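Asker: Predicted model and sequence below, questions to follow.
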Amino acid sequence: MKNIIISVSNSKGGSAKTTSTAIMGFILSEWKNKKVLIIDMDQQNQIKYLMYGYDNQDKIKEVKESSLSSEAGGTTVRYNKVSKNLDFLSFGTSLVSLTNSESVDLIPRFKKYLKSLNYDFILVDNPPAFQSASNTGVGISDYTVISTMTQTLSYDGSFQQEDTVNTLNETLDSVNVKLIAVLRSIKDRNNHNAKNSQRIKDYFQDLMVKDIIPSSTEYQNMVDTGVNDERAKERRAIRKYLSVVDEIMERISKDIGEDVNGKTWIGK
Ligand SMILES: Nc1ncnc2c1ncn2[C@@H]1O[C@H](COP(=O)(O)OP(=O)(O)OP(=O)(O)O)[C@@H](O)[C@H]1O
Ligand SMILES: [Mg+2]
């Protein structure tokens with residue numbers, strides 16, 4: 001079976017996209033023994049801190065730099081190894097000047113290139129809209145997960161993101177992406193407003209992920225240390241995402257008629 005490409009998106013910034021991508025990548029690679037590639041589509045280049053830890057950047061070793069000129073529009077990408085089962089691909093600043101028409105050109109070629117790679121899952125951390133890189137990240141994926149904080153503007157960004165998914169599917173022949181889940185995280189308990197929560201549930205219905213990621217400073221600390229399950233408190237924070245990963249994997253398994261989830265093994 002070819003790899004499965006899942007992007008994490010929301011047109012609103014600060015909606016836990018990067019945190020969710022990094023932790024889901026950790027669970028799939030470390031706890032489910034899947035081969036995973038994480039792609040950073042964001043010019044802010046921040047997910048690398050969650051991969052390695054802000055304090056451990058000397059660990060970042062470039063495995064190879066390749067030019068995708070033949071496959072994907074003259075773009076340079078950098079591969080890094082994070083752990084046995086987890087690799088990381090970034091664009092540096094080469095996405096900064098990506099125009100809309102270049103993005104349209106890049107999507108089919110980049111997707112074809114990614115599909116040739118030997119991974120079980122490719123997770124794409126998207127920047128907020130309205131950047132061409134954001135459309136590219138969604139356009140290359142098989143599935144997208146909308147990640148939202150439980151706040152009005154983040155919910156609003158989720159509705160806009162759904163529009164973007166629909167527009168990409170309708171306007172570009174090369175795009176065939178399915179919205180598979182809407183994931184909520186609580187950053188600040190005061191903003192977890194019951195009325196708004198009902199509104200997004202009424203709208204997205206079965207697409208909602210059942211569990212909500214609770215507010216925890218552990219997720220913020222992971223920027224410094226990198227996502228790891230060395231200690232109980234970090235393990236607990238990562239575990240909050242396990243039912244989320246299981247639910248998303250079950251939906252994808254159902255969609256393609258094949259079990260893609262597999263057993264969970266938490267080593268420590
Ligand atoms: N469940 C949570 N509890 C507390 N803080 C959280 C939680 N999830 C994420 N955060 C924090 O919220 C901030 C925004 O999260 P994150 O960077 O993942 O969002 P993003 O959608 O990727 O943002 P951007 O649009 O800038 O890329 C970060 O400081 C992160 O550590
Ligand atoms: Mg981000």
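Answerer: Ah, there it is. Ligands and ions are numbered 1, 2, ... in the order given.

Asker: so who does residue 25 touch?
Answerer: With contacts defined as C-beta atoms under 8 Å, 6 or more residues apart in numbering, residue 25 is in contact with 36, 38, 86, 121, 123, 227. Bear in mind the C-beta positions are built from the backbone N, C-alpha and C, glycine included.

Asker: average pLDDT across the host helix or strand of it?
Answerer: Applying DSSP states H and E as the criterion places residue 25 in helix 17-26. The predicted model gives helix 17-26 an average pLDDT of 98.

Asker: what's the following helix or strand after that helix?
Answerer: Elements were assigned by DSSP H and E; along the chain past helix 17-26, the next helix or strand is strand 36-40.

Asker: Could you tell me how many residues sit around residue 254?
Answerer: Other residues within reach of residue 254 by the criterion other C-beta atoms under 10 Å amount to 11.

Asker: residues making contact with whatever helix or strand it lives in?
Answerer: Element membership for residue 254 (DSSP H and E) is helix 242-256. Around helix 242-256, the neighbours that count as contacts under C-beta under 8 Å, 6+ apart are 4, 6, 20, 24, 27-28, 31-32, 143, 145, 178, 180-181, 183, 209-211, 213, 259-261, 264.

Asker: Residue 261 belongs to a helix, doesn't it?
Answerer: No: according to DSSP: H, G, I helix; E, B strand; the rest coil, the state of residue 261 is coil, so it is not within a helix.

Asker: Which residue, neighbours along the chain excluded, lies closest to it?
Answerer: With C-beta to C-beta, 6 or more residues apart in numbering as the measure, residue 249 is the residue that lies nearest to residue 261, at 3.7 Å, once sequence neighbours are left out.

Asker: Any idea how many residues pack against the one you found?
Answerer: Neighbours of residue 249 under the rule other C-beta under 10 Å: 23.

Asker: Ok, residue 59 next?
Answerer: Using other C-beta under 10 Å, the number of residues around residue 59 comes to 13.

Asker: what's the residue of the chain found nearest ligand 2 in contact with, if anything?
Answerer: When distances are taken as C-beta to the ion, the chain approaches ligand 2 most closely through residue 18, which lies 3.2 Å from it. Contacts were defined as C-beta under 8 Å, 6+ apart; by that measure residue 18 touches 8, 42, 46-47, 50, 125.

Asker: which among those end up buried?
Answerer: Buried members of the contacts of residue 18, counted by 16 or more other C-beta atoms under 10 Å: 8, 42, 46-47, 50, 125.

Asker: pLDDT-wise, which helix or strand of the protein ranks last?
Answerer: The helix or strand of the chain with the lowest confidence, counting by mean pLDDT, DSSP states H and E, is helix 69-72 at a mean of 50.

Asker: restrict the contacts of helix 242-256 to those near ligand 1?
Answerer: When the contacts of helix 242-256 are filtered against ligand 1 using C-beta under 6 Å from any ligand atom, the residues retained are residue 213.

Asker: Could you name the specific helix or strand carrying residue 134?
Answerer: Under the criterion DSSP H and E, the helix or strand holding residue 134 is helix 132-139.

Asker: Run the chain-centre distance for that helix.
Answerer: 12 Å (C-alpha atoms, centre = their mean, to the nearest Å).

Asker: Need the CA coordinates for the helix or strand following that helix. CSV is fine.
Answerer: Sequence-wise, the next helix or strand beyond helix 132-139 is strand 143-149, with elements assigned using DSSP H and E. Taking only C-alpha atoms (Å, rounded to 0.1, in the frame of the first residue of the first chain), the coordinates of strand 143-149 have been written out as CSV:
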residue,chain,number,x,y,z
TYR,A,143,-6.8,13.6,4.3
THR,A,144,-6.9,16.7,6.3
VAL,A,145,-7.5,17.1,10.0
ILE,A,146,-8.8,20.6,11.1
SER,A,147,-7.2,21.5,14.4
THR,A,148,-8.9,24.1,16.4
MET,A,149,-8.6,25.8,19.8
